[in-house]
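> let me see the structure of the following:
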Amino acid sequence: MITLEKLMIAVSKDCDIDTQTTQYCLKRLRAEGSQFWTKTLPEFSKFILTSLEKGRLVKSSFTKLAWQGTLPLHFRRLIVQMFAYGGAVKVDFDPLCLWQLRQFCEYVYKLTVPFDEKTLEQAEVKFVQTEQELTDRLDVRYLDQLQDTFVELFPSLVRQ
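Residues are numbered from 1 along each chain as shown. Next comes the predicted model:
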């Protein structure tokens, strides 16, 4: 059975990540567990995508990884290639920078990995809270209005 550490080393090689960054990520993986690769790194990738979408580095969406200044050297190099000194997106940045960062950060995002009971319980509690918040804000009249509009616009798709 392959461990997350061995998988990270293999993915680092495939993505051409330097040894120093790989060692940094392995150290964080050992210290924080699988959450570093399944949560922290994907959040960092989403931060980069949000910043690209907005046209500049969005400080309000800084992740724990980016905000604490503990960004690995290789990731800093990629960011410098994508964003200008003031934070604006460089128009001519190499898209391979983004590809490399996303490949590495999001590789295990959807991977099924075993979690301890505490992590599963926390995720379940958060899911139930979010579901409750959405339900509390749901206006049934709005859904009825959406359904009526759909039936009016697409009568051929509605079962009679």
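
> tell me who's in contact with I48.
I48 makes contacts with 79, 82, 98, 101-102, as judged by Cβ atoms under 8 Å, 6 or more residues apart in numbering. No exception for glycine: its C-beta is placed from N, CA and C like everyone else's.

> can you tell me the helix or strand for it?
Secondary structure from DSSP states H and E places I48 in helix 41-54.

> how far out from the middle of the chain is stretch 3-22?
For stretch 3-22, the distance from its own C-alpha centre to the chain's C-alpha centre is 18 Å (Cα atoms, centre = their mean, to the nearest Å).

> what sits up against that stretch?
Surrounding stretch 3-22, the residues in contact under the criterion Cβ under 8 Å, 6+ apart are 25-26, 29-30, 34, 37, 72-75, 100, 103-104, 107-108, 113.

> pull out the buried positions in stretch 34-51.
34, 36-48, 51 (16 or more other Cβ atoms under 10 Å).

> export that stretch to CSV, keeping only CA atoms.
Taking only C-alpha atoms (Å, rounded to 0.1, in the frame of the first residue of the first chain), the coordinates of stretch 34-51 have been written out as CSV:
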residue,chain,number,x,y,z
SER,A,34,-3.6,14.3,5.5
GLN,A,35,-5.5,17.6,5.9
PHE,A,36,-2.5,19.5,4.7
TRP,A,37,-2.9,17.9,1.2
THR,A,38,-6.6,17.4,1.2
LYS,A,39,-7.6,20.8,2.6
THR,A,40,-4.7,23.3,3.0
LEU,A,41,-3.1,22.9,-0.5
PRO,A,42,-6.5,22.9,-2.3
GLU,A,43,-7.5,26.0,-0.4
PHE,A,44,-4.3,27.6,-1.6
SER,A,45,-5.0,26.6,-5.2
LYS,A,46,-8.5,28.1,-4.9
PHE,A,47,-7.0,31.3,-3.6
ILE,A,48,-4.8,31.5,-6.7
LEU,A,49,-7.8,30.8,-9.0
THR,A,50,-9.9,33.5,-7.2
SER,A,51,-7.1,36.0,-7.5
